[in-house]
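Any chance you can model this:
(3 chains)
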Amino acid sequence: MVIEIKDDFDLAKIADSGQCFRFNRCKNDAGAYSVAAFNKHVIVKELGNDRYEFSCSQEEYDSFWKNYFDMELSYSDIRARIDEKSDPYLYSAATFGQGIRILKQDPWEMLISFIISQRKNIPAIKASIEKICALAGNVIDEGEEFGKIYSFPTPESLAKLSMEELSSCSLGYRDKYVHQAAMDVASGAVKLNEWSELSDKELMEKLLELYGVGVKVANCEILFGYHRLDAFPKDVWINRVLDTRYPDGFDFDRYAPFNGVMQQYLFFYSRGTM
DNA sequence: AGGCAGGTTCTTA
DNA sequence: TAAGAACCTGCC
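Here you go, the predicted structure:
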């Protein structure tokens, strides 16, 4: 089906924004992207004039992908909160990053993904996640162009993997973190879905109790897994920006409750320019 | 060849 | 409570 999208929506920027790891440009089809999430897979292709082709039914778009891409929220309105004169750097970053949206992803998949992300670059993170999916996920789609697409494993199937199998996914020292998290969620000791009811503070405290989860990974989980758009993960890139561009501090009060969106613009801009 | 990559844990004072 | 070292692995 083909749909017209008027608000910010740039597949290339979203794919490269570091929030998702199973969102890839199709090798033999420029402008088309493969997206795997929640046991579903879709190819999205930009047609021009704000039109996009989704390789799914209208019904699946309405019931799933529309929400996944957070289409009810206007990101151009969020960008409009930025005043060029009071913060020219953020304004430039947001202009550069226009088209980025924060996806509504699976808290479980995000937790494991960001545990894996520590001290890894994005290609390495993606490679590990794909190995895990191929090893413990199910085939959810198959096509000549993109081959077999696997779902992200359930907590149960990931918990069943031996440490040897986990190690074969190039997790390095993170293998024990992933194993423990899978055990905790599979056993029911950790109920990620119920945690969505917690306050920001309580949610952070719960996440920090998990083995292998520190402040940065917890904030990524809160922003990308729980879609709480005020969370502001600080990684080396963001810290570099804050140190060099905001020596007197970033104005978090001004952009609440959307500081996480600003973080994405700053992150994307810093990676493209520094 | 040595250092580093979107951090966290463990150890030590 | 805080700083420093160690940690897997792959790629410059």
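
In the stretch 151-274 of chain A, which residue sits closest to DNA strand C?
Nearest residue of the stretch 151-274 of chain A to DNA strand C, counting by C-beta to the nearest atom of the strand: residue A:172, 2.2 Å away. (Glycine included, C-beta is placed from N, CA and C.)

How about the contacts made by residue A:74?
Residues counted as contacts of residue A:74 (C-beta atoms under 8 Å, 6 or more residues apart in numbering) are residue A:7.

ok now stretch A:66-74, how far from the chain's centre?
Relative to the mean C-alpha coordinate of its chain, stretch A:66-74 is positioned 14 Å out (C-alpha atoms, centre = their mean, to the nearest Å).

picking that back up, OK, contacts around the residue of the stretch 151-274 of chain A closest to DNA strand C?
By C-beta under 8 Å, 6+ apart, residue A:172 lies in contact with nothing.

Residue A:207 now?
For residue A:207, the contacting residues are A:195, A:213, A:217, A:218, A:221, A:222, taking C-beta under 8 Å, 6+ apart as the criterion.

What's the local residue count around whatever residue of chain A ends up closest to DNA strand B?
Taking C-beta to the nearest atom of the strand as the measure, the point where chain A comes nearest DNA strand B is residue A:18, at 1.3 Å. Residues near residue A:18, counting by other C-beta atoms under 10 Å, number 19.

That one contacts residue A:120, correct?
No. Using C-beta atoms under 8 Å, residue A:18 makes no contact with residue A:120, being 11.5 Å away.

quick one on the thing from earlier: which of the contacts of residue A:207 fall within helices?
Counted as lying in helices by DSSP state H, out of these, are A:217, A:218.

As TSV, the contacts of residue A:207 with pLDDT and distance to DNA strand B would be great.
Rendered in TSV, the data for the contacts of residue A:207 read as follows (pLDDT from 0 to 100; distance: C-beta to the nearest atom of the strand, whole Å):
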residue	pLDDT	distance to DNA strand B
A:195	98	17
A:213	97	5
A:217	97	3
A:218	97	6
A:221	97	9
A:222	98	11
